[in-house]
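Peer 1: task: produce atomic coordinates for the following.
(2 chains)
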Amino acid sequence: KAGVTQTPRYLIKTRGQQVTLSCSPISGHRSVSWYQQTPGQGLQFLFEYFSETQRNKGNFPGRFSGRQFSNSRSEMNVSTLELGDSALYLCASALGGEDTQYFGPGTRLTVL
Amino acid sequence: GESVGLHLPTLSVQEGDNSIINCAYSNSASDYFIWYKQESGKGPQFIIDIRSNMDKRQGQRVTVLLNKTVKHLSLQIAATQPGDSAVYFCAENISGYSTLTFGKGTMLLVSP
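Peer 2: Alright, predicted model coming up:
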């Protein structure tokens, strides 16, 4: 069974721009969670989607948003990029919300 | 590869030694715990998990111990191999919620 895939793997943007990241979960998984990983803050939860509904949200500003499609694929959007948004963005999928989360390889976002 | 963390606690061992990685978790309400391994340039990889109704669980070459009294989790790796070199994260979760809260991570360096 294929693992979690994320596209693109690397992205360079400038301040003020917006970006959309994509995640395809493991087949059959309906829960998709997003995390931000930085050297200073570690891994931090952004939000979780289940059956196209956002069920949980972390402590991030409204510039960070997401959505999930009927095939469970998810996108994450960051508007008005700031230098501090440079990070590895990780997507994880699970069968349901309480099941083990399996991570993708991440998208490395650099904001210049 | 990309750095997943600066100034992480580091455990250096020789190939063939047993390794013990410790983690203190924060929320006494957490009842599900997971260990992840993250290699440079990759997303976290599931290693083993344990629920709060257990105090020990064994996998292939790995054992997780849970002490709820002092809110402590440990990962034991038997006969450590150079391929085990990575950053190891513990994560905690409360049943009914999909949010994982991650520890800061420990870097394991295995010398041949």
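Peer 1: what pairs with the helix or strand of chain B with the lowest mean pLDDT, parallel or antiparallel?
Peer 2: Lowest mean confidence among the helices and strands of chain B (mean pLDDT, DSSP states H and E): strand B:101-102, at a mean of 92. Strand B:101-102 has these partner strands in its sheet, going by DSSP bridges: strand B:86-93 (antiparallel).
Peer 1: quick check, distance from the partner strand to the centre of its chain.
Peer 2: 4 Å (C-alpha atoms, centre = their mean, to the nearest Å).
Peer 1: what would it look like as PDB? C-alpha coordinates only.
Peer 2: The C-alpha trace of strand B:86-93 is given here as PDB (Å, rounded to 0.1, in the frame of the first residue of the first chain):
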ATOM      1  CA  ALA B  86      18.000   9.400  13.700                       C
ATOM      2  CA  VAL B  87      16.000  11.700  15.800                       C
ATOM      3  CA  TYR B  88      13.400  10.000  18.000                       C
ATOM      4  CA  PHE B  89      10.200  11.700  19.200                       C
ATOM      5  CA  CYS B  90       7.700  10.700  21.700                       C
ATOM      6  CA  ALA B  91       4.100  11.900  21.100                       C
ATOM      7  CA  GLU B  92       1.100  11.900  23.400                       C
ATOM      8  CA  ASN B  93      -2.500  11.800  22.700                       C
END
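Peer 1: what is the rounded mean pLDDT of that strand?
Peer 2: For strand B:86-93, mean pLDDT is 95.
Peer 1: what of stretch B:60-73?
Peer 2: Per-residue scores along stretch B:60-73 average to 96.
Peer 1: alpha carbons of that stretch, as PDB, please.
Peer 2: Only the C-alpha atoms of stretch B:60-73 are listed here, as PDB (Å, rounded to 0.1, in the frame of the first residue of the first chain):
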ATOM      1  CA  GLN B  60      11.000  -6.100  17.000                       C
ATOM      2  CA  ARG B  61      14.200  -5.000  18.800                       C
ATOM      3  CA  VAL B  62      12.200  -2.200  20.500                       C
ATOM      4  CA  THR B  63      10.500  -2.000  23.900                       C
ATOM      5  CA  VAL B  64       8.400   0.900  25.200                       C
ATOM      6  CA  LEU B  65       8.000   1.400  28.900                       C
ATOM      7  CA  LEU B  66       5.300   3.700  30.400                       C
ATOM      8  CA  ASN B  67       5.300   5.000  34.000                       C
ATOM      9  CA  LYS B  68       2.100   7.000  34.500                       C
ATOM     10  CA  THR B  69       3.000   7.900  38.100                       C
ATOM     11  CA  VAL B  70       5.900  10.100  37.000                       C
ATOM     12  CA  LYS B  71       4.600  10.700  33.500                       C
ATOM     13  CA  HIS B  72       7.600   9.100  31.900                       C
ATOM     14  CA  LEU B  73       8.100   7.100  28.700                       C
END
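Peer 1: any part of that stretch near chain A?
Peer 2: No. Stretch B:60-73 stays clear of chain A (C-beta under 8 Å from any C-beta of the partner chain), getting no nearer than 13.4 Å. In short, each C-beta sits where N, CA and C put it, glycine included.
Peer 1: can you mark which positions in that stretch are buried?
Peer 2: B:62-66, B:73 (16 or more other C-beta atoms under 10 Å in any protein chain shown).
Peer 1: report the two of the residues you listed separated the most.
Peer 2: B:62 and B:66 (13.6 Å; C-beta to C-beta).
Peer 1: and the gap between the residue of chain B most remote from its centre and chain A?
Peer 2: Centroid-distance maximum for chain B: residue B:96 at 22.2 Å, with C-alpha atoms, centre = their mean. Counting by C-beta to the nearest C-beta, to the nearest Å, the gap from residue B:96 to chain A is 7 Å.
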